[in-house]
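1. I need the structure of the sequence given here:
(one chain, ligands or ions: 2)
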Amino acid sequence: MVHTGDGKGKTTAALGLALRAFGAGLKVLILQFIKGGQSYGELEALKFLSESSPRIKIQQCGLGFTSQGDKSEHKKVAEETLQLARKEILSGDWDLIILDEINYAVKFNLISETEMLELVKIRPPQLHLLLTGRDATKNLIELADLVTEMKLVKHPFNAGIKAQRGIEF
Ligand code: ATP
Ligand code: MG
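-> Ligands and ions are numbered 1, 2, ... in the order given. Below you'll find the predicted structure:
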């Protein structure tokens, strides 16, 4: 599955799916590329769930905004996240794995498209995999079974309204 497009809702829809899958008894892992160092509402909410059940886990694996900091550092961390994703995909420990913002990691050249496509190709057939982020590549879209494009119609950012707590983070 792929959530892409320039509209808001890719990550939040992925988290909605995580909630649904968890409630249905599935084991859910969320690995977030790039994100890190900032408090997000979903992290706090999922902490509650994780404390009561090992069937759901969220891990922020990035250094935060790619516009800040050394690109080689971002690259190194993204490469480590890729290895972790590979290990978890092959582990058989999960029913659903969400790789949040992985498309952005490819777009920003932190990992290669080939490496990302490899993750999809090695997936055991019973494992559900969801990749999010703008600008999903043509090859990923071809390989996926389900692709949803969030389309920007209007966003308050364009009216000068900054990210709002509980809505954006
Ligand atoms: P969300 O996490 O809210 O579901 P997203 O995953 O679709 O959003 P990203 O591309 O990951 O969006 O961008 C992260 C942040 O940028 C989000 O908090 C979102 O509100 C904001 N954002 C998304 N689309 C736009 C847009 N078209 N213009 C300005 N800001 C945007
Ligand atoms: Mg997102």
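2. only C-alpha atoms for contact and neighbour calcs from this point on.
-> Fine.
3. residues contacting the residue positioned nearest the centre of the chain?
-> Nearest to the mean C-alpha position of the chain, counting by C-alpha atoms, centre = their mean, stands D100 at 0.5 Å. Neighbouring residues of D100 by C-alpha atoms under 8 Å, 6 or more residues apart in numbering: 11, 14, 30-33, 130-133.
4. quick check: residues of this structure near ligand 1?
-> 6-12, 133-134, 152, 155, 157, 168-169 (C-alpha under 6 Å from any ligand atom).
5. buried ones among those residues?
-> Among the residues of the chain next to ligand 1, the ones that count as buried by 16 or more other C-alpha atoms under 10 Å are 8-11, 133-134.
6. and those, which is closest to S72?
-> Proximity of those to S72 (C-alpha to C-alpha) peaks at G133, which lies at 20.9 Å.
7. so the closest one touches H3, yeah?
-> Yes: counting by C-alpha atoms under 8 Å, G133 touches H3, with 6.4 Å between them.
8. so what sits against both of those two?
-> Jointly contacting G133 and H3 under the rule C-alpha under 8 Å, 6+ apart are 10-11.
9. hey, where'd the helices end up in the chain?
-> Along the chain, counting by DSSP state H, helices occupy 10-23, 41-52, 71-91, 102-107, 113-122, 138-143.
10. now these as JSON lines including mean pLDDT?
-> What follows is the helices of the chain, written out as JSON lines (pLDDT from 0 to 100):
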{"stretch": "helix 10-23", "mean pLDDT": "98"}
{"stretch": "helix 41-52", "mean pLDDT": "94"}
{"stretch": "helix 71-91", "mean pLDDT": "96"}
{"stretch": "helix 102-107", "mean pLDDT": "97"}
{"stretch": "helix 113-122", "mean pLDDT": "98"}
{"stretch": "helix 138-143", "mean pLDDT": "98"}
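11. pick the most deeply packed of those helices.
-> Counting by mean count of other C-alpha atoms under 10 Å, helix 102-107 has the highest mean neighbour count of the helices of the chain, with a mean of 22.
12. in terms of secondary structure, what does that one contact?
-> With contacts taken as 3 or more C-alpha pairs under 8 Å, 6 or more residues apart in numbering; DSSP states H and E, helix 102-107 sits against helix 113-122, strand 128-132.
13. repeat the analysis, applying 7 Å as the threshold.
-> Applying 3 or more C-alpha pairs under 7 Å, 6 or more residues apart in numbering; DSSP states H and E, we find helix 102-107 packed against strand 128-132.
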